[in-house]
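Novice: Generate a structure from the sequence data that follows.
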Amino acid sequence: NLDDFFMILEKTLSIDGKLFIAVPNFDAYEKQYFDLDWAAYDLPRHLYHFDMRTFSKLMDKYNYRIVSKSRMLLDTIYISIISRKSTDIGFLRLLIIIFKSLLMSIYDIKYSSSILYVCEKKN
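Specialist: Residues are numbered from 1 along each chain as shown. Predicted coordinates:
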């Protein structure tokens with residue numbers, strides 16, 4: 001569980017250490033097209049799912065601050081291709097979904113399929 005994870009992290013991360021966490025983004029643009037077939041749910045490996053707001057709240061709860069965040073644009077392509085396997089979405093429609101998703105991710109990180117967060121302990 002998350003409490004155990006952050007307890008271990010507290011013991012192992014140095015005072016000035018950085019925490020790098022890449023997570024699927026629950027507000028990813030392509031998710032609307034795949035609904036429950038969205039591959040980034042990736043159960044049972046992903047037990048928790050976050051959007052930018054809930055991830056920020058999680059970091060606050062454990063006394064971390066987000067230093068930076070980055071789009072993971074290649075994840076948009078990968079997640080869309082994997083998600084398509086369990087749907088009836090055609091190849092051309094998939095390309096359009098990928099293109100629109102990439103544009104939306106570039107426009108605003110909140111639409112990115114996955115986000116890489118760099119965090120540090122609050123002083």
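
Novice: contact partners of stretch 79-96?
Specialist: 24, 28, 30, 33-34, 37-40, 97-98, 101, 113-114 (Cβ atoms under 8 Å, 6 or more residues apart in numbering). For every residue, glycine as well, the C-beta is placed using N, CA and C.

Novice: Pull up the gap between the residue nearest the centre of the chain and residue 121, please.
Specialist: Central residue check for the chain by Cα atoms, centre = their mean: the C-alpha nearest the mean position is that of residue 24, 2.3 Å away. Using Cβ to Cβ, to the nearest Å, one gets 24 Å for the distance from residue 24 to residue 121.

Novice: quick revisit: and the residue nearest to the centre of the chain, what element?
Specialist: Under the criterion of DSSP states H and E, residue 24 resides in strand 18-24.

Novice: Counting by contacts, list what that strand packs against.
Specialist: strand 114-121 (3 or more Cβ pairs under 8 Å, 6 or more residues apart in numbering; DSSP states H and E).

Novice: Go through the strand it packs on and flag the buried ones.
Specialist: 114, 115, 117, 119, 120, 121 (16 or more other Cβ atoms under 10 Å).

Novice: just stretch 62-74 next, same as before
Specialist: 62, 64, 66, 69, 71, 72.

Novice: Just list the residues touching the residue nearest to the centre of the chain, thanks.
Specialist: Neighbours of residue 24 in contact, by Cβ under 8 Å, 6+ apart: 40, 41, 42, 46, 49, 75, 79, 113, 114.

Novice: mind running it again at 10 Å?
Specialist: With contacts defined as Cβ atoms under 10 Å, 6 or more residues apart in numbering, the neighbours of residue 24 are 31, 38-42, 46, 49-51, 72, 75, 79, 112-115.
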